[in-house]
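Engineer: structure of the sequence below:
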Amino acid sequence: MPAGRHRGAHGGPQAPARPDRPRRCPIPPPSPPATPVSDTDDKQDRPSLLERLSAFLTREPEDRDELLALLHGAFERKLLDADALSMIEGVLQVSEMTVRDIMIPRAQMDVVSQDDEPAEFIPLVLETRHSRFPVTGENKDDIVGILLAKELLNYYTDPTGFKLRDTLRPAVFVPESKRLNVLLREFRANRNHIAIVVDEYGGVSGLVTIEDVLEQIVGDIEDEYDFDEAEDNIIAETGGRHRVKARTEIADFNARFGTDFADDEFDTVGGLVLQAFGRLPKRGETADIGGLRFRVIRADSRRLHTLQVESLTPPRDGDTTGAA
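Structural biologist: Numbering: from 1, shown residues only. Next up, the predicted model:
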């Protein structure tokens, strides 16, 4: 057998061994250009509030208390902010509250008599700045309609031709026992903003507005006629009365009225009034503190908003304490 040749395993000739060649690495295809990620895409990838809550609420709560506990847990885990939690609580609470809980009492109703001339009640409209007024016949139990303040523009354009009764809208009456969620649905369906509240005997016990209902959900709603919280916490009214924000600091109140209420236990006038009542008072309730009468003008189910303050003693001649 010639040199350099040997048999393989099967007895046949075997090819001489080849020198090792370098291996070729496959070249990957070019990658497609990267798609830029915008802030909008990034936000779309984030789970929504509903998705986060759904993930947190892994099981259905058995009752309202358990639902509230789960919501507070979501707040503690930063799945809800304070405003969202407060609003959800308000929505749940509205379904349990009735008109009686938030209505403006009969004694606090600002009304217009059908027998009055516009010149007689226009000062009331300017002072209260309400947009709607119940119009009465013989007394407050006899509501003949609702006057929209904007209708008085017709009086200024044609004083002699203005007839109050022709401008009135029909009054809507609701029972004290009507639930707020039902009332809100009716307000929206009928495009109505105010309702007269009647008791079980048909007598007028107060009124309620759509704003009153919404404030139970979102908190205090202030329009362009409400005074500024930061600059106008105290505003003088007629008859020596003042309208005061419940958030007014005790020190500022003392400086304005010459009082000496302590601020070691609470910082605001609202805290002072809450301590006097020992509970959260309703609209129209009064408390006499340190020679002053505090009347609740605006409050919801969680806090006080606006108070009316007047002195229990008539001012002496030349005494300007509390004057604007």
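
Engineer: all contacts plus neighbour counts: C-alpha atoms, from now on.
Structural biologist: Fine.

Engineer: specify the beta-bridge partners of residue 306.
Structural biologist: Beta-bridge pairing of residue 306, defined through DSSP bridges, involves residue 245, residue 298.

Engineer: report the central residue of this protein.
Structural biologist: Using Cα atoms, centre = their mean, the residue of the chain that lies closest to the mean C-alpha position is residue 218, 2.0 Å off.

Engineer: what is the burial count for the residue nearest to that residue when sequence neighbours are not counted?
Structural biologist: If the residues on either side of it in the chain are set aside, residue 218 comes closest to residue 87, at 5.5 Å by Cα to Cα, 6 or more residues apart in numbering. By the measure other Cα atoms under 10 Å, the count of residues near residue 87 is 16.

Engineer: for residue 91, grab phi and psi.
Structural biologist: Main-chain dihedrals, residue 91, degrees, to the nearest 10: phi -60, psi -40.

Engineer: the residue nearest to it when sequence neighbours are not counted: which element?
Structural biologist: Among residues not flanking residue 91 along the chain, residue 217 sits closest, at 5.5 Å (Cα to Cα, 6+ apart). Element membership for residue 217 (DSSP states H and E) is helix 210-218.

Engineer: and for that helix, what are the contacting residues?
Structural biologist: Outside helix 210-218, the residues within contact range by Cα atoms under 8 Å, 6 or more residues apart in numbering are 86-91, 93-94, 102-103, 180, 184, 187, 192-194, 221, 300-301.

Engineer: only whichever of those are buried, select them in ChimeraX.
Structural biologist: In ChimeraX, the members of these classed as buried (16 or more other Cα atoms under 10 Å) are selected with the following command:
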select :86,87,89,90,91,94,102,103,180,184,187,193,194,300,301
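
Engineer: now intersect the contacts of helix 210-218 with the strands, please.
Structural biologist: Secondary-structure check on the contacts of helix 210-218 using DSSP state E: residues within strands are residue 194.

Engineer: burial count for the residue nearest to residue 91?
Structural biologist: Counted with other Cα under 10 Å, residues neighbouring residue 217 total 19.

Engineer: gap between it and residue 292?
Structural biologist: For residue 217, the distance to residue 292 equals 32 Å [Cα to Cα, to the nearest Å].

Engineer: cool, residue 285 as well?
Structural biologist: Where residue 292 is concerned, residue 285 sits at a distance of 14 Å (Cα to Cα).

Engineer: can you tell me the closest non-neighbouring residue to residue 198?
Structural biologist: The shortest distance from residue 198 to any residue other than its chain neighbours is 4.4 Å, reached at residue 204 (Cα to Cα, 6+ apart).

Engineer: which residues touch that neighbour?
Structural biologist: Residue 204 makes contact with 106, 140, 141, 196, 197, 198, according to Cα under 8 Å, 6+ apart.

Engineer: list only buried entries from those residues.
Structural biologist: Neighbour-count burial within those applies to 106, 140, 141, 196, 197, 198; the criterion is 16+ other Cα under 10 Å.

Engineer: and the residues you listed, which is closest to residue 242?
Structural biologist: Nearest to residue 242 among the buried ones among the contacts of residue 204 is residue 106, at 21.3 Å by Cα to Cα.

Engineer: out of everything not next to it in sequence, what's closest to the closest one?
Structural biologist: With sequence-adjacent residues excluded and distances taken as Cα to Cα, 6+ apart, residue 106 is closest to residue 206, at 4.1 Å.

Engineer: what's the answer for residue 234, then?
Structural biologist: The shortest distance from residue 234 to any residue other than its chain neighbours is 4.6 Å, reached at residue 244 (Cα to Cα, 6+ apart).

Engineer: cool, residue 283 as well?
Structural biologist: Nearest residue to residue 283, sequence neighbours excluded (Cα to Cα, 6+ apart): residue 296, at 5.0 Å.

Engineer: just checking, what packs against the host helix or strand of that neighbour?
Structural biologist: According to DSSP H and E, residue 296 maps onto strand 292-299. In this structure, strand 292-299 makes packing contacts with strand 286-289, strand 304-311, judged by 3 or more Cα pairs under 8 Å, 6 or more residues apart in numbering; DSSP states H and E.

Engineer: that strand vs strand 304-311, what angle?
Structural biologist: 150 degrees (axes from the mean of the first three to the mean of the last three Cα atoms, to 10 degrees).

Engineer: kindly provide the distance from residue 252 to residue 245.
Structural biologist: Look at residue 252 and residue 245: by Cα to Cα, they are 11 Å apart.

Engineer: between these two, which is the more surrounded one?
Structural biologist: Here residue 252 and residue 245 are compared on neighbour count by other Cα under 10 Å; more neighbours surround residue 245, at 25 against 14.

Engineer: got the contact list for that one?
Structural biologist: Residue 245 is in contact with 229, 233, 234, 269, 270, 305, 306, 307, counting by Cα under 8 Å, 6+ apart.

Engineer: how about the helices in this structure?
Structural biologist: Under the criterion DSSP state H, the chain carries helices at the ranges 39-45, 49-56, 64-76, 82-94, 99-102, 118-128, 152-157, 164-167, 180-190, 210-218, 250-257, 269-277.
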